[in-house]
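**Q** 3D model of this:
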Amino acid sequence: MLLDAAREAAAESVGCRPDELTFVSSGTRAVHAGVAGALTGRRRVGRHLIVSAVEHSSVLHSAEDWEASGGSVTTVAVDRAGAVAVEGYEAAVRPDTALACLQSANHEVGTEQPVAEVAEVCRAAEVPLLVDAAQSLGWGPVPGPWSLLTASAHKWGGPSGVGLLAVRKGVRFAVQGPVDERESGRAAGFENLPAIVAAAASLRAVRAEAAQEAVRLRELTERIRVQVPRLVTDVEVVGDPVRRLPGVVTFSCLYVDGETLLHELDRAGFSVSSGSSCTSSTLTPSHVLRAMGVLSEGNVRVSLPAGTPAEEVDRFLSVLPGAVTTVREKLGAPTTPVTVAAVGEGDSLVVDALGKRCPIPVIELAKVIGDVPVGATIRVLSDDEAARLDIPAWCEMRQQEYLGEEPAEKGTAYLIRRTS
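**A** Residues are numbered from 1 along each chain as shown. Down below sits the predicted model:
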C-alpha cells in the first residue's frame, strides 16, 4: 500500500500514469535502463541514437556503450549558451533512428532546453524521446509529448539511492538482463520502501512551494549574474540568461585555477562546484563547457538550494573578489620561466608553455600580446588539453583573432593574430 501510494504521488508530479513509473536505485541507473531498453525494443527500426553534446555523463556513457556494440550515434551541437536548436534534432532524425535523448536542463550551467519543441519533432518522426529531467523535475513537470523520462530524488532534496524511470504506454521497451517480478521487471531486487516513500513525499512537498521559491531564487541568481562581472575583472558568465534553472548560476574567471578558487571559497564557508578544466582528478575540460565553446578555466557553479537567504548571496559577492585576487596573485607567473622567442617575419612570437597546466598558457599569452604590433601573430605551444578550449575563448573575450591550431613537434601550436 505504501509503495502504491508513493508511485501514485510521484506519477502525479511527473505527469504520467502510475503503471508507467518504475522506481530504480539511482538517476544514473534510470538513464542506463531507459536508453538500453528503448534501443533494444526498437532494434527492428534501426540502431541510430541521437544525443545532445551537453547531456549528463550517464547518457553519454550509454551512447558510448551503444556505439561500441555496433550502433551509431549523432551528437547535436549547442550554441554558446548551451542550448540545442530544434532544427538540429530535425536534421539528425533518420529512418533508422531508434531513440533520441535530450536533458530538460543542464546540470552545469542551468540552461533549459526546448524539450517540448524537440518532443513534437520526434513524435512527428515516430521516434521516442528520452528526457533526463533530473535537474528540473523538482521545479515542475516536463512539457511536451516525451516518451521516456528519468530523474533522481536527491536532486530535489529527497534521499539518495532512488531514481525514477517513466516509460509511456505504447513505447517499445525491452528489459535488459534477467527479468525480475518487481517494478514491471525493469528494476531487479527488493524496493527500498522507506527511501521511495520519502522521495515521493519530498517531491510533492518541494513542488507545492516551487512556483514561489523559483521567483525568489531567480532574483538571487540574477543578482549574482549582474554583480560578478562588476566586482571581478575578466569574468564570463555562462549559460542562457533567461531560459535557465532558478537556482543555478555559472561563471568562469580568466587567469584562475578552478580547484584553487574552490579551496579559497571553501575557507570562507562556501561550498561551490566547478566544471573547470583544472580539476585534480582529470585535468581535462568539462564536456559541457567544451561543447559551448566558453572559457573553462576558473569555472564556478553556484547552486542555491531552496531557502537560501539573500544575506548569504550578498556575503558570497563580498568574498569572491578577494578570493579571485588571491588566486591570481599565486598564479601571476609560471613556476619556471616561459620561453618567448622571435621567429619568422613581422615580429611574430612563440610562447613555449609546454608542460604547464591551465591557466598558465593563457596567462603567458596575455602577458606578451602587447609585445607584438597589430596584425602580428603569436604561436602558443601547449600540451594541455584545456588550451584547445581556453585559448579560443580568451581570444573572443579579448577581441583578438584566433587563427586555429596546427601540429607541433611537441604538443599543439595555437595561432593568434593581434587585432587591437
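
**Q** got a list of what Leu265 touches?
**A** 272, 300, 316, 319-320, 323 (Cβ atoms under 8 Å, 6 or more residues apart in numbering). Any C-beta I mention is one placed from the backbone N, CA and C, and that applies to glycine too.

**Q** Low-confidence ranges, the stretch 301-420 of the chain, go.
**A** Along the stretch 301-420 of the chain, segments meeting pLDDT under 70 span 332-347.

**Q** Tell me which two of the contacts of Leu265 sit farthest apart.
**A** Pairwise distances across the contacts of Leu265 (Cβ to Cβ) peak at 11.9 Å, for the pair Val300 and Val319.

**Q** more crowded one of these two?
**A** Counted by other Cβ atoms under 10 Å, Val300 and Val319 do not tie: Val300 has more neighbours, with 26 against 16.

**Q** Just give the number of residues close to Val324.
**A** Using other Cβ under 10 Å, Val324 has 25 other residues around it.

**Q** Doesn't it lie inside a helix?
**A** Yes - per DSSP: H, G, I helix; E, B strand; the rest coil, Val324 lies within a helix segment.

**Q** For it, give its distance to Leu254.
**A** 10 Å (Cβ to Cβ, to the nearest Å).

**Q** how far does stretch 118-125 sit from the chain's center?
**A** 24 Å (Cα atoms, centre = their mean, to the nearest Å).

**Q** For the helix or strand Arg290 falls within, list the C-alpha coordinates in PDB.
**A** Arg290 is part of helix 287-292 when elements are defined by DSSP states H and E. These are the backbone C-alpha positions of helix 287-292, laid out as PDB (Å, rounded to 0.1, in the frame of the first residue of the first chain):
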ATOM      1  CA  HIS A 287      32.500  18.400 -21.900                       C
ATOM      2  CA  VAL A 288      29.700  20.900 -21.300                       C
ATOM      3  CA  LEU A 289      31.900  23.900 -21.400                       C
ATOM      4  CA  ARG A 290      33.800  22.500 -24.300                       C
ATOM      5  CA  ALA A 291      30.600  22.000 -26.300                       C
ATOM      6  CA  MET A 292      29.600  25.500 -25.600                       C
END
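
**Q** okay, and the common contacts of Val324 and Leu254?
**A** Common neighbours of Val324 and Leu254 (Cβ under 8 Å, 6+ apart) are Gly298.

**Q** show me where the stretch 201-350 of the chain has strands.
**A** Ranges of strands in the stretch 201-350 of the chain, per DSSP state E, counting those that start in this stretch, are 235-238, 248-253, 299-303, 339-343, 348-352.

**Q** Quick one: closest of those strands to Leu99.
**A** Set against Leu99 and scored by Cβ to Cβ, the strands of the stretch 201-350 of the chain come closest in strand 248-253, at 27.2 Å.

**Q** By mean pLDDT, point me to the weakest helix or strand of the protein.
**A** None of the helices or strands of the chain scores lower by mean pLDDT, DSSP states H and E than strand 339-343, at a mean of 43.

**Q** remind me, longest helix of this protein?
**A** Longest helix in the chain, counting residues (DSSP state H): helix 193-231.

**Q** list the contacts for the residue most central in space within the chain?
**A** For the chain, the residue sitting closest to the mean C-alpha position, by Cα atoms, centre = their mean, is Glu108 at 3.8 Å. Shown in contact with Glu108 (Cβ under 8 Å, 6+ apart): 54, 250, 275, 286, 288-289, 301.

**Q** Kindly report the same for Arg7.
**A** 18, 21, 23, 200.

**Q** What are the phi and psi values at Val51?
**A** With angles defined as degrees, to the nearest 10, Val51 sits at phi -140, psi 160.

**Q** Bridged to it, which residues?
**A** Thr75 (DSSP bridges).

**Q** the domain parsing of this protein - what is it?
**A** Per the record, the chain has its domains at 2-206, 214-330, 339-417, by automatic domain parsing.

**Q** Can you flag the weakest of these by average pLDDT?
**A** Mean pLDDT values for these show the minimum at domain 339-417, a mean of 83.

**Q** Can you give the distance of that domain from its chain's centre?
**A** 27 Å.
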